[in-house]
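A.B. asks: Give the three-dimensional model of this entry:
(one chain, ligands or ions: 2)
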Amino acid sequence: MSSVRIRLPDNSEKTFDHEPTVLEVANSIGPRLAKDTLGGLIEGESEVVDLRHKLKDGQKLKIVTPKDPESLEVIRHSAAHVMAQAVQELWNDVKVTIGPVIDNGFYYDFDSPRAFTPEDLEKVDKKMNEILARNADVVREDWPIDKAIQTFEKMGERFKAEIIRDLAAKGEKTVGIYKQGEWFDLCRGPHVQRIGQIKAIKVLSLAGAYWRGDEKNAQLQRIYATAFNDKKDLEEYLRNLEEAKKRDHRKLGKELGLFYFHQFSPGGPFFAPKGAIIYNELQKYIREMYLKFKYQEVITPQVFDVDLFHQSGHYENYRENMYFTRVDERDFSLKPMNCPSHCLLYQAEKKSYRELPWRVADFGRLHRYERSGVMHGLNRVRTFCQDDAHIFCRMDQLQTEIASFVTMLNEIYHQLGMDNYIIYLSTRPEKRMGADEIWDKAEAALSDALKSLNLPFKINPGDGAFYGPKLDIMFVDALKRPWQLGTLQVDFNMPNAFNLNYVGEDNKDHRPVMLHRAILGSLERFIGVYLEHTAGHLPLWLSPVQVAVLTVTDRQLDYARQLVQAMQAVGIRAEVDERGEKLGYKIREAQMQKVPYMVILGDKEVEQNKVSLRLKNGQLIESLNGQEFIENILQEIRERRLESSFLVASKNHNQEANNSSI
Ligand SMILES: [Zn+2]
Ligand SMILES: [Zn+2]
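C.D. replies: Numbering: from 1, shown residues only. Ligands and ions are numbered 1, 2, ... in the order given. Just a heads-up that it's a prediction; the model follows:
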C-alpha cells in the first residue's frame, strides 16, 4: 500500500503505511499525548471525530485532549453511556433510549416502570462515580445489522431495536457498538479510551419526555447531568448555576417591581413604572448615540396590508410567526420587523448618491408569535421593540458603515460594562441568492472592517442568511453565559424586492445595499440579560430609584423632604422613606431594592446642614456638603458611570500604597 501522510497543526507530517486512527497518530507523536487523547479535529470539519476514526491521506489533524474545549463533547457523550449503565445496574427493568450532549451537559431518556425520585438521582450519581472508578476500557465493535437487532430485541431493548431497524431501512449494513466492561450500547461515538478519562460528573435534574419527542409515543423519564475534565470546572459550573437561580430576571423583576405578565396577554410584558424607567433610559442613551453616529429616527405604522409582506417575502418565509387581522375586508398583519416599512420610506423620495448612506432607526413595536413552550420571562416574548436601524448605502461605503457599526457597538457595550463579547462572521450558505462576486465583496468588507479595528472574530462558515453574510455578537455575561444580542446583516435581497434605487454620479439608477443592524437587540430581552449580568445592581443612571433618603427619626423629615425636592428638581430620582420604621429596617429595604445611594439623616446632619452617605457595600461617608453631594451624583449620572465615584474615591484612599490601576 502506498504511504498515507497526515499533517499536524505545526504543519509537520507523519507518514503511515495504512490509514491510521487518530490514536495511532497520537502514539506516533508520543505516549503521553496518546494517553490523554480524547478525539480528533480534522481541518475543514466542525465535529470532533472518534479517536478510533481512520484518517485519509493529506488530512490535517488536531488531536483533542482535556485542554481543548471540544473534548467536553467527547467526555459528555461517554458520560451519557455511564449514566445509562448506572441506571441499568441499579434497576434492571429500565430500558434505554437515547442520550445526547446538549449545551453545558447531557441527558438520557429512560423507559422505567416506576417514576424516578430525587433520592434515585442521588443513587444514580453515586453509581456513576463507582463506574468511573472502575475505569473500564471502551471498545468499539462493528456488528452486522441483523445481529444488532436480534441482540437488542432479546434484551427487551425495543427502542434500540427500533433505531437499528430504521438504520437498516436506510440501507446501513453494520452499526457501531461501544462496550465498557459488560455493558454496551449502539452508538456512532465519539467516545473516550477509558471511562476514567471522565474526571467529574454531576446528576442535575429530572424531567418528563416522549419517545422521539411525540406526545402520542411512550412517556419517558429524562435525567439531566453534566461532566467536566476537572473537578474545579464542575464546581465553578455548579456555583454559577446556583448564582443564576438567584439572578433569574423573572425573580428579580418581581422583587424590584419592574415588570409583570398577565394571562390576557401571553408573552406580553407589562413594564411597571420602575421598569419603564430602565426601558426609557436605555432608549434615551441609544438616541444620543444615534445622534453621534448620524442616524435619523423614524416612526412607522404598526399594521400593514398583507401585500407588503408578500413583497418583502415575510409572508412566504415567516408567516407562522405573524399576527393577522381583517379590517374593511382587507387582510392586515402586525409587523414582525421594521425593514419593509423602511423600504417604503426609502422609496418615498428619490435618492441621489449624495444622500447615502441613509441611516434610519426605529423603536417601533414588533409582534412575533412564539409557541407558548418557548416563552421565558423577558428572554422570549411576543411583543418587543429593538434598537433597530437600517442603513442603505453604496457598495463602496459598505466597509466604512460596518466599521462604524462595530465602533458604536463597542462604545455602548463598554459603557454598560459588557466588555466580554465575541464577534462571529457568518459566511455564504449553500442555498443563497446573488452572484459570487457580490458575496466576495460583502464578506471581504465585513472581515476588513473588523481587521481595520483590530478586533478578533471567529468565522461561522456557511451560516450566513440566504440574502447576505452577517455578524453576530455574542455577549458573555458575568456567569460566562453567551447571549446573542447585537447583529449586522448585509442584505442584497430586499433592495431588489422593493426595486430600490439611487441616482449615481453617472446620472443612472443604481441599487443600494441594505444593512439590518441592532446593538442591544430586543430591549425586553436585553433588560432580562442585563439584570442577570448585574444581579440587579444597575448602574446609577439606569436605577429606577437613585437615592433613598432615610431618617433616624421623624424629627429629620422636613430636612429630608427639602433634600429630596432639591434632587428631584435637577432630575435625580430620589425618594424619602417616610414610614415610621427603625433605620435598620429602612436600610435593609433600600438594599433589597438595590438602591445605589442611601442618604442617612440624623439630628447631627440637620444641625450642620450636611448629609451622611451609605454605599451599597455598607461603607458610611459622613458629613458631606449636600450641594456637593448632589453635583457629584449628577455628574455620575451624566457620564453614565458604572461605579460609584464615592466608592472609587474611598478605594483610592484605602489602596494608596498598592497601585492606582482602578
Ligand atoms: Zn455514544
Ligand atoms: Zn431589518
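
A.B. asks: Run a quick neighbour tally on Lys507.
C.D. replies: Heads up, residue 507 is Asn, not Lys. Counted with other Cβ atoms under 10 Å, residues neighbouring Asn507 total 8. Quick note: C-beta positions are derived from backbone N, CA and C, even for glycine.

A.B. asks: Which strand or helix spans it?
C.D. replies: Assigned by DSSP states H and E, Asn507 belongs to no helix or strand.

A.B. asks: next one: phi and psi at it?
C.D. replies: phi 70, psi 10 (degrees, to the nearest 10).

A.B. asks: List the beta-bridge partners for the closest residue to Gly486 other than its chain neighbours.
C.D. replies: Here the nearest residue to Gly486 in space, its sequence neighbours aside, is Ile473; by Cβ to Cβ, 6 or more residues apart in numbering that works out to 3.7 Å. Applying DSSP bridges to Ile473 yields these beta-bridge partners: Ile423, Gly486.

A.B. asks: Domain map for the chain?
C.D. replies: Using automatic domain parsing, the domain ranges for the chain come out as 4-64, 71-241, 259-534, 540-661.

A.B. asks: what about the shortest one, how long is it end to end?
C.D. replies: Domain 4-64 has an end-to-end distance of 21 Å (Cα to Cα, to the nearest Å).

A.B. asks: Now do it, average pLDDT.
C.D. replies: Average pLDDT, domain 4-64: 94.

A.B. asks: Now name the helix or strand holding Phe304.
C.D. replies: According to DSSP H and E, Phe304 maps onto strand 303-305.

A.B. asks: how about the residue nearest to Met375 when sequence neighbours are not counted, secondary structure?
C.D. replies: Leaving aside its sequence neighbours, Met375 sits nearest to Gly267 (Cβ to Cβ, 6+ apart; 4.8 Å). Following DSSP: H, G, I helix; E, B strand; the rest coil, the label given to Gly267 is coil.

A.B. asks: hang on, isn't Gly267 packed against Asn379?
C.D. replies: No. If you go by Cβ atoms under 8 Å, Gly267 and Asn379 don't touch, sitting 10.7 Å apart.

A.B. asks: These two: which is more packed in?
C.D. replies: Gly267 (22 against 18).

A.B. asks: Distance check, that one against ligand 2.
C.D. replies: Applying Cβ to the ion, to the nearest Å, the value for Gly267 to ligand 2 is 21 Å.

A.B. asks: Likewise for Lys35?
C.D. replies: Taken as Cβ to the ion, the span from Lys35 to ligand 2 is 52 Å.

A.B. asks: quick one: buried residues of the helix or strand where that residue lies?
C.D. replies: In this assignment (DSSP H and E), Lys35 forms part of helix 31-36. For helix 31-36, burial by neighbour count (16 or more other Cβ atoms under 10 Å) applies to Ala34, Asp36.

A.B. asks: Now do that helix: which elements does it pack against?
C.D. replies: The contact analysis (3 or more Cβ pairs under 8 Å, 6 or more residues apart in numbering; DSSP states H and E) places helix 31-36 against helix 22-29.

A.B. asks: how about the CA coordinates for the helix it packs on, as CSV?
C.D. replies: In CSV, the C-alpha atoms belonging to helix 22-29 read as follows (Å, rounded to 0.1, in the frame of the first residue of the first chain):
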residue,chain,number,x,y,z
VAL,A,22,-6.4,9.4,15.5
LEU,A,23,-5.0,7.4,18.4
GLU,A,24,-2.2,5.9,16.2
VAL,A,25,-1.2,9.4,15.1
ALA,A,26,-1.1,10.5,18.7
ASN,A,27,1.0,7.4,19.6
SER,A,28,3.5,8.3,16.8
ILE,A,29,4.0,11.7,18.4
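
A.B. asks: So which bits of it are buried?
C.D. replies: For helix 22-29, the neighbour count (16+ other Cβ under 10 Å) marks Val22, Leu23, Glu24, Val25, Ala26, Asn27 as buried.

A.B. asks: distance between it and the chain's centre?
C.D. replies: 37 Å (Cα atoms, centre = their mean, to the nearest Å).

A.B. asks: what's it in contact with?
C.D. replies: Around helix 22-29, the neighbours that count as contacts under Cβ atoms under 8 Å, 6 or more residues apart in numbering are 6, 8, 14, 16, 20, 33-34, 37, 39-40, 49-53, 55, 61, 63, 193.

A.B. asks: hmm, 6 Å instead?
C.D. replies: Applying Cβ atoms under 6 Å, 6 or more residues apart in numbering, the contact partners of helix 22-29 are Ile6, Lys14, Leu33, Ala34, Thr37, Gly40, Leu51, His53, Leu61, Ile63.

A.B. asks: same deal with stretch 79-89?
C.D. replies: By Cβ under 6 Å, 6+ apart, stretch 79-89 touches 94, 96, 99, 106, 108, 110, 124, 127-128, 131, 183, 185, 198, 201, 225, 227.

A.B. asks: ok, now stretch 522-535?
C.D. replies: 247, 249, 252, 269, 278, 282, 377-379, 381, 384-386, 477-478, 483, 520.

A.B. asks: With stretch 104-111 instead?
C.D. replies: Against stretch 104-111 from outside (Cβ under 6 Å, 6+ apart): 76, 80, 83-84, 87, 94-95, 97-99, 209, 220-226.

A.B. asks: Weed out the non-buried ones from the residues you listed.
C.D. replies: Of those, these count as buried by 16+ other Cβ under 10 Å: 76, 80, 83-84, 87, 94-95, 97-99, 209, 220-226.

A.B. asks: Going through the contacts of helix 22-29, which ones are buried?
C.D. replies: For the contacts of helix 22-29, buried by 16+ other Cβ under 10 Å: Ile6, Lys14, Ala34, Thr37, Gly40, Leu51, His53, Leu61, Ile63.

A.B. asks: Which single one of those is nearest to ligand 2?
C.D. replies: Closest to ligand 2 out of the buried ones among the contacts of helix 22-29 is Gly40 (40.6 Å), distances taken as Cβ to the ion.

A.B. asks: In this structure that closest one contacts Asp50, no?
C.D. replies: No. Shown here, Gly40 and Asp50 do not form a contact pair, counting by Cβ atoms under 6 Å, at 7.9 Å.

A.B. asks: Which of the buried ones among the contacts of stretch 104-111 fall in strands?
C.D. replies: Lys95, Ala209, Leu220, Gln221, Arg222, Ile223, Tyr224, Ala225, Thr226 (DSSP state E).

A.B. asks: Let me know the pLDDT of the last one.
C.D. replies: Thr226 carries a pLDDT value of 97.

A.B. asks: Also the second one?
C.D. replies: As summarised for this prediction, Ala209 has a pLDDT of 91.

A.B. asks: and if you look at the first one?
C.D. replies: At Lys95, the model reports a pLDDT of 95.
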